[in-house]
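Peer 1: let's see this in three dimensions:
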Amino acid sequence: MDKLKGLGVALLFFTVLAAALVVALAIFRGAGWAAEHLIPWTGIAFWIVVAGCVLLFAPMALFRASRGAAAMGLLLASYFFGFILWLWSFFVTLHLWGVVWTVIGMFFAGVGLVPFAFLAAAFHGTWGLVGNLALMLAATGLTRFASFWVIAKAERVPAFG
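Peer 2: As a prediction, the model looks like this:
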């Protein structure tokens, strides 16, 4: 369990680092350029990871021997989905509400961008965008919950060996 916590902290560190790099890229190259080159790839990557969760990690969670790996895969997927949600929230808030609200959202540990993006998209009537953000939020929460559930299942069963 300690190794899993350590990996979670490392994943959080790398996620924050990746977010900082995206912000720096958006500032130096321009938010339009960054959104144009990053956002199209996030949709493809999102569905590839969803397929991995459903076709690989979910079946792995059924077997005692592979539950740890399944939990780790689901946890990694949840961080990936959270990063994509944050990335979209950053660009939606920046595009629809501007730099001031984006900076304010960043002051709330960066997580403030997510509700701001929902509000900005809703106030502008872009309901498809609200749906995409909701899908990414659900994917983040569900995979995080599933990883913790699989970990709890793995710990209840005595190890062989």
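Peer 1: nearest spatial neighbour of the residue nearest the centre of the chain, skipping sequence neighbours?
Peer 2: In the chain, the residue lying closest to the centroid (CA atoms, centre = their mean) is G82, at 1.4 Å. For G82, ignoring the flanking residues on the chain, the nearest one in space by CB to CB, 6 or more residues apart in numbering is T140 at 4.5 Å. Using the backbone N, CA and C atoms, a C-beta is placed for each residue, glycine as well.
Peer 1: now do the contacts for that neighbour.
Peer 2: Counting by CB atoms under 8 Å, 6 or more residues apart in numbering, T140 touches S78, F81, G82, L85.
Peer 1: which of those lies closest to R144?
Peer 2: S78 (3.9 Å; CB to CB).
Peer 1: who does whichever strand or helix holds that closest one touch, helix- and strand-wise?
Peer 2: Applying DSSP states H and E as the criterion places S78 in helix 67-97. Contacts defined by 3 or more CB pairs under 8 Å, 6 or more residues apart in numbering; DSSP states H and E place helix 67-97 against helix 2-29, helix 31-52, helix 58-60, helix 99-107, helix 113-123, helix 127-156.
Peer 1: can you put those in CSV and add distance to A70 and mean pLDDT?
Peer 2: What follows is the helices and strands packed on helix 67-97, written out as CSV (distance: least, CB to CB, whole Å; pLDDT from 0 to 100):
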stretch, distance to A70, mean pLDDT
helix 2-29, 12, 69
helix 31-52, 11, 84
helix 58-60, 4, 92
helix 99-107, 34, 85
helix 113-123, 27, 95
helix 127-156, 5, 91
